[in-house]
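> got a predicted structure here, sequence first:
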Amino acid sequence: MNRSTDKLCIGIAQQDFSVGNINANTQKIIKIINDIDPGDIDLLVFPELTITGYPPEDILLRPGLYRQLDNALLAICCEVDQFDVILGMPRLFEGKRYNSAFVIRQGKVHKIYDKWVLPNYSVFDEKRYFSSGNDSAIFQLKGLSVGLTICEDIWQPEPAGTAVADGAQLLININASPFHLGKMEQRESVVAERVKETSVPLIYANLVGGQDELVFDGASFVINEKQKITSRLAAFEEAIEIVEVDVNTIKVKPGDVKPHPDINAAIYKALVLGVRDYVQKNGFDGVIIGLSGGIDSALTLVVAVEALGAENVEAVMLPTRYTSDMSLDDAKTLAERLNVDYKIIAIESAFELFLSLLSDEFEGKPVDATEENIQARIRAVLLMAISNKKGKMVLTTGNKSEMAVGYSTLYGDMAGGFDVLKDVPKTRVFEVSRYCNRDQEVIPERIITRPPSAELREDQEDQDSLPPYDILDEILEYYIEQDLSIEAIVGKGFDDSLVKKVARLVDLNEYKRSQAPPGVRITPRAFGRDRRYPITSGFVDK
């Protein structure tokens, strides 16, 4: 079709890119550009650091990176002819690195904007790598003045305010904004405040995809001068959406406003996307999961099948004398419902052999967690052997509550390539599992309703060692995510000795968490890059 001179058509390319894979990202960008009918669009907007993926971290320190980026930019410029393109890319200029947005027009770089506000909190570490920009970047498109900002810039008034003061009538903000619960609503609230201050509509283009523990949810949107969302792209999915702006009135035409997923749907989608990208971007053919008949491994299996397809998932049950018939039956039922390759490898004989080999060392000593840990470590050896032989990644199944207090076995159930539920508290595991059963029973109901147990000794239940999960998870949220003191948590009505016990367990088990595999981040304070505590520390909170 022929583009009207009265309307500006802007495409939001909400896409998934691979960190460091400059060639693949470049080819993907070029394909997207070439697949778009030039009659449909005036400007195509890609996310922050499009060509490198986000976050590239210390790859940015490699001198060879910038030669690759120069070649990539040249290749992309050669494909840009009939409409403009905005994409994010690091640039090296006069010995300094910048997080930049490039406007490409008719085969050449038309305008460059350098990010002003460099986040250096939570999962962000941009001041380690980049210098700050201090100039606005305004370009003309069909007589409309368009201003650029990048991600964190929009969280502060100055960059947007300066762009509008310099003449911008429309703002475009390119992003690599990772997901955590509540983040979608938080972004829209912040952007609405910037629009209220400037009275200028804004297009927010966000990255989608998984990168190590981070998941970028997309959920790009357009907000008009009255702070109303006029378009929103689906969360956790790649998409290209074209929005229209009347160049005479600078009004944004209402488009498709996809709803935000509810909390459990968002968590589930984040887990699925995080697993898919981690496994595939690391070149694995599939995954192996040790099933236990419990809820954590059940949910992990459901997520893996959704992410990778049943044909790429293998489940192994590894029972001992303590494994109940209920667990065996439920694990088999789940595997059959999901149509995954399922087998049972009994480890009782191996367990007996270990006990025999260690009998002299254990003589005169009572049975304790040592024997429990042996079972977990035998399972790990077998799962890792299958992983090595078949080229499939082991997915571990520990949840955030267990990781927090050390209710896990180092080199046992913690051994693997990726922990799907690492940032999902146990109470939330139950809720997301029920979400999986929303249309039909996938996870056997008994797995959800039975008391949780590691089944490493006779008649064992988790609450033999831990407080009820609803109480534990609330204390953990205050202590880990909100950084409240013990005194403040006790002030909320919790038992003083219990809070101190939980806090001490969290502190003592930093050494375990430092050796744990990465896992999908869904909360504002995940273990890993979010929460950087020393392993060796004499600090005791009070």
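Cool, the structure landed.

> going by C-alpha atoms from here, please, whenever you check contacts or count neighbours.
Fine.

> SS state for residue 316?
Here residue 316 is strand, with the state taken from DSSP: H, G, I helix; E, B strand; the rest coil.

> what is the burial count for residue 286?
24 (other Cα atoms under 10 Å).

> what does residue 439 give?
8.

> so how far is residue 299 from it?
Distance, residue 439 to residue 299, by Cα to Cα, to the nearest Å: 16 Å.

> same thing with residue 163?
Distance from residue 163 to residue 299, by Cα to Cα: 47 Å.

> could you do residue 237 as well?
21 Å.

> show me the contact partners of the worst-scoring helix or strand of the chain on mean pLDDT.
Within the chain, no helix or strand scores below strand 251-252, which has a mean of 90 by mean pLDDT, DSSP states H and E. Contact with strand 251-252 is made by 201, 224, 225, 230, 243, 244, 245, 246, as judged by Cα atoms under 8 Å, 6 or more residues apart in numbering.

> what sits up against the helix or strand that it is followed by?
Counting by DSSP states H and E, the next helix or strand C-terminal to strand 251-252 is helix 263-281. Residues from elsewhere that reach helix 263-281, judged by Cα under 8 Å, 6+ apart: 18, 179, 181, 209-215, 217, 236, 285-287, 303-304, 306-308, 393, 418, 420-421, 431-432, 435, 520, 522.

> can you list the buried residues in stretch 277-285?
Under the neighbour-count criterion of 16 or more other Cα atoms under 10 Å, stretch 277-285 has 277, 278, 279, 281 buried.

> can you check stretch 54-62 too?
Buried residues in stretch 54-62 (16+ other Cα under 10 Å): 54, 55, 56, 60.

> what's the end-to-end length of that stretch?
Its first and final residues considered, stretch 54-62 spans 16 Å by Cα to Cα.

> tell me the spacing between residue 221 and residue 121.
According to Cα to Cα, residue 221 stands 25 Å off from residue 121.

> same drill for the two, tell me which one is more crowded.
Between residue 221 and residue 121, counted using other Cα under 10 Å, the more crowded position is residue 221 (24 against 11).

> circling back: and the buried residues of stretch 54-62, which two are the farthest apart?
54 and 60 (10.8 Å; Cα to Cα).

> in which helix or strand would I find the most centrally placed residue in the chain?
What sits nearest the mean C-alpha location of the chain, by Cα atoms, centre = their mean, is residue 215, with 2.2 Å. Secondary structure from DSSP H and E places residue 215 in strand 214-217.

> distance between that strand and the chain's centre?
Strand 214-217 sits 4 Å away from the centroid of its parent chain (Cα atoms, centre = their mean, to the nearest Å).

> helix or strand right after that strand?
Downstream of strand 214-217 (by DSSP H and E), the next one is strand 221-223.

> what packs against whichever helix or strand comes after that following strand?
Counting by DSSP H and E, the element after strand 221-223 in chain order, helix or strand, is strand 229-232. Packing partners of strand 229-232 (3 or more Cα pairs under 8 Å, 6 or more residues apart in numbering; DSSP states H and E): strand 221-223.

> grab the nearest non-local neighbour of residue 196.
Ranked by Cα to Cα, 6 or more residues apart in numbering and with sequence neighbours excluded, the top spatial neighbour of residue 196 is residue 227, at 6.5 Å.

> hmm, I typed the wrong one, I wanted residue 87.
Counting by Cα to Cα, 6+ apart, residue 87 lies nearest to residue 46, which is 4.8 Å off, once chain neighbours are set aside.

> what's the neighbour count on the one you found?
Neighbours around residue 46, by other Cα under 10 Å: 27.

> quick one, what contacts residue 241?
11, 12, 13, 233.

> so what pLDDT did it get?
For residue 241, the pLDDT comes out at 95.

> next: residue 345.
So residue 345 comes in at 96 (pLDDT).

> what do you get for residue 63?
88.

> so how far is residue 99 from it?
16 Å.

> who has more neighbours, these two?
Neighbour tally, residue 63 and residue 99, criterion other Cα under 10 Å: the higher count belongs to residue 99, 24 against 10.

> the more buried one is in contact with residue 49, isn't it?
Yes. Using Cα atoms under 8 Å, residue 99 is in contact with residue 49, at 7.1 Å.

> between the two, which contacts overlap?
By the contact definition Cα under 8 Å, 6+ apart, residue 99 and residue 49 are jointly contacted by 88, 89, 90.

> what is the burial count for the nearest residue to the second one once chain neighbours are set aside?
Excluding the flanking residues, the one nearest residue 89 by Cα to Cα, 6+ apart is residue 49, at 4.3 Å. Using other Cα under 10 Å, the number of residues around residue 49 comes to 25.

> what of the one 3 residues further on?
Using other Cα under 10 Å, the number of residues around residue 52 comes to 26.

> ditto for residue 303
Going by other Cα under 10 Å, the residues that sit close to residue 303 add up to 25.

> list the contacts of it.
Residues near residue 303 by Cα under 8 Å, 6+ apart: 268, 271, 272, 275.

> and the furthest pair within these?
268 and 275 (10.7 Å).

> tell me which of these two has more neighbours.
Shown here are residue 268 and residue 275; by other Cα under 10 Å, residue 275 has more neighbours (31 against 22).

> from residue 528, how far out is that one?
In terms of Cα to Cα, residue 275 sits 17 Å off from residue 528.

> again, but for residue 522
12 Å.

> residue contacts, residue 88?
46, 47, 48, 49, 50, 51, 99, 100, 101, 102, 174.

> host element of it?
strand 84-93.

> one more: residue 474?
Assigned by DSSP H and E, residue 474 falls in helix 469-476.

> just residue 402 next, same as before
Using DSSP H and E, the element containing residue 402 is helix 400-405.

> next one: residue 133
Going by DSSP H and E, residue 133 is not in any helix or strand.

> so what's it scoring on pLDDT?
At residue 133, the predicted lDDT confidence score is 95.

> distance from the helix or strand containing residue 385 to the middle of the chain?
According to DSSP H and E, residue 385 maps onto helix 369-390. Chain-centre distance of helix 369-390: 27 Å, with Cα atoms, centre = their mean.

> list the buried residues of that helix.
372-380, 382-384, 386-387.

> can you redo the residues you listed as CSV with pLDDT and distance to residue 504?
Formatted as CSV, the entries for the buried residues of helix 369-390 read as follows, by pLDDT from 0 to 100; distance: Cα to Cα, whole Å:
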residue, pLDDT, distance to residue 504
372, 91, 22
373, 93, 21
374, 95, 25
375, 94, 26
376, 94, 24
377, 96, 25
378, 95, 29
379, 95, 29
380, 95, 27
382, 97, 33
383, 97, 32
384, 97, 32
386, 96, 37
387, 96, 35
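
> quick one: low-confidence ranges for the stretch 101-250 of the chain?
Of all residues in the stretch 101-250 of the chain, none has pLDDT under 70.

> phi and psi next, for residue 203.
Dihedral angles of residue 203 (phi, psi; degrees, to the nearest 10) stand at phi -110, psi 120.

> when you give positions from now on, start the count at 646
Let's use 646 as the start, then, which means that last one is residue 848.

> got the contact list for it?
Shown in contact with residue 848 (Cα under 8 Å, 6+ apart): 816, 817, 818, 866, 867, 868.
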